[in-house]
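**Student:** Sharing a model prediction with you, sequence too.
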Amino acid sequence: MAASSHSNLVRVLILISTIASCTFLVSSSNNFNRDVDITWGDGRAKILNNGELLSLTLDTTSGSGFQSKKEYLFGKIDMQLKLVPGNSAGTVTAYYLSSLGATHDEIDFEFLGNLSGDPYTLHTNVFSQGKGGREQQFHLWFDPTADFHTYSILWNPQRIVFSVDGTPIREFKNPETVGVAYPKNQAMRIYSSLWDADEWATRGGLVKTDWSKAPFTASYRNFNDDKACVWSSASSSSSCSSITNSDGGQSWLNEELDNTSQEKLKWVKQKYMVYDYCSDSKRFPQGFPPECAFESA
Ligand SMILES: *[C@@H]1O[C@H](CO)[C@@H](O)[C@H](O)[C@H]1NC(C)=O
Ligand SMILES: *[C@@H]1O[C@H](CO)[C@@H](O)[C@H](O)[C@H]1NC(C)=O
C-alpha cells in the first residue's frame, strides 16, 4: 500500500511538474470574499455575513453566478448548498469544475428544480477533452431545500467521485486504458450559477417556471479547498510536493472507495439513481461507450 501510493504520488508529481506549477494551501476557514468572484447577475449574487455565506438569485430579468478565484489540478473540494425551496420547477442550480474552451474538461453537479413536494433531480456529467454525454441522474434521500448539505468532488488521477454528505453517488474511473480521455492535464475553476432553464429542466420542459414565486434563491457556505492542488501558471516551481501535509499516507491524491463507501454507492445506485447513460440502450443501440465497462456495479 505504502509503496504503491508512493509510486502514484511520484507519477502525479512528475505529471504536475511537467505541465506547470501547483501549490498546496494550508488555508484557514473559507471566506467567499477571498475565494470567489461574482461574475454575473447585476447584484443578484451576494456575499453575506463577512464572507461566510453566498446567495444567488434568479428573477424574470436575470440569474446570477460566481466562480472561484483559484484554479485546481486535482483536489477534494466541498461546498454546502441549500437549494431553491418551494416551487423551483424550471430553475437550475449548477455547481461544477471546468477548464472551459472547445476541448474542455468538466465535472458537473446540476440541480434541476421541481414542483413543491416533487423531488429535485441531481444531474451529473463528466467531460474530457470536450466530450461529455456521460449523464447520471439521481433523486436525493432528503429535502435539499430544507437545510445545507455537503456536495463534494474528489478528483485525482485515478478517479472522480461525486459525494453527497460523504456518501458517494458516482465514481468515474480513469478510462484511458480503453482509449477514452480522462481529465488530468487542464486546470479547472469552480463555477456556479442559478438560471432559468424551463425549456428542458423539469419533466423535460413540460413544467414551466412560476415567476409569481420569484425571486428564487440558492445559498452556499463552508467552501473547503484545503485538499487541492492549486494551479498557478505564473509561478515556475511546483509546490505539490508539500503533499506530505496530508494525513498519514492515504491522501486524496490516491484515495479510492473503501468497502463501506462502495456499499453506500451501491445503495444510492439501487435506490436513487433515475438515469444512467450506461444503461440507456435506446441511446446506444450499437453498444455502450467503452468507459461504461468501468462503472462499478
Ligand atoms: C420532478 O418530479 C417528477 C415526479 O415525481 C419526477 O418524475 C422528476 O424526475 C422530477 N424532477 C424533474 C427535474 O423533473
Ligand atoms: C473489502 O472487501 C474485500 C473483498 O470484497 C476483502 O477482501 C477485504 O478484506 C475488505 N476490506 C475491508 C477493510 O473490509
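**Tutor:** Okay, I see it. Note that the coordinates shown come from a computational prediction; the quantities given were computed from them, not determined experimentally. Ligands and ions are numbered 1, 2, ... in the order given.
**Student:** My reading is that Thr100 lies in a helix. Confirm?
**Tutor:** No Thr there; residue 100 is Leu. No - counting by DSSP: H, G, I helix; E, B strand; the rest coil, Leu100 falls outside a helix, being coil.
**Student:** Can you pull the residues of the protein lying near ligand 1?
**Tutor:** Residues of the chain lying close to ligand 1 by CB under 6 Å from any ligand atom are Leu112, Asn114, Asp118, Pro119, Thr121, Ala201, Thr202, Arg203, Val274. To be clear about C-beta, it is placed using only N, CA and C from the backbone, and glycine gets the same treatment.
**Student:** who does the helix or strand hosting Ile77 pair up with?
**Tutor:** Ile77 belongs to strand 64-82 when assigned by DSSP states H and E. Strand 64-82 sits in its sheet next to strand 36-40 (antiparallel), strand 149-155 (antiparallel), strand 188-196 (antiparallel), strand 216-231 (antiparallel), going by DSSP bridges.
**Student:** now it, how far from the chain's geometric center?
**Tutor:** 8 Å (CA atoms, centre = their mean, to the nearest Å).
**Student:** Then stretch 48-62?
**Tutor:** 20 Å.
**Student:** hang on, the earlier thing: out of the residues of the chain next to ligand 1, which are buried?
**Tutor:** Neighbour counting with 16 or more other CB atoms under 10 Å marks Leu112, Asn114, Pro119, Thr121, Ala201, Thr202 as buried within the residues of the chain next to ligand 1.
**Student:** Please flag which of the residues you listed sit within strands.
**Tutor:** Using DSSP state E, the members of those that fall within strands are Leu112, Thr121.
**Student:** Now tabulate the buried ones among the residues of the chain next to ligand 1 in JSON lines and tack on pLDDT.
**Tutor:** JSON lines is the format used below for these (pLDDT from 0 to 100):
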{"residue": "Leu112", "pLDDT": "97"}
{"residue": "Asn114", "pLDDT": "97"}
{"residue": "Pro119", "pLDDT": "97"}
{"residue": "Thr121", "pLDDT": "98"}
{"residue": "Ala201", "pLDDT": "92"}
{"residue": "Thr202", "pLDDT": "91"}
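**Student:** Looking at the buried ones among the residues of the chain next to ligand 1, point me to the pair that's furthest apart.
**Tutor:** Pro119 and Ala201 (13.2 Å; CB to CB).
**Student:** can the buried ones among the residues of the chain next to ligand 1 go into JSON lines with extra columns for distance to Phe294?
**Tutor:** Shown next, in JSON lines, are these (distance: CB to CB, whole Å):
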{"residue": "Leu112", "distance to Phe294": "26"}
{"residue": "Asn114", "distance to Phe294": "31"}
{"residue": "Pro119", "distance to Phe294": "28"}
{"residue": "Thr121", "distance to Phe294": "24"}
{"residue": "Ala201", "distance to Phe294": "29"}
{"residue": "Thr202", "distance to Phe294": "31"}
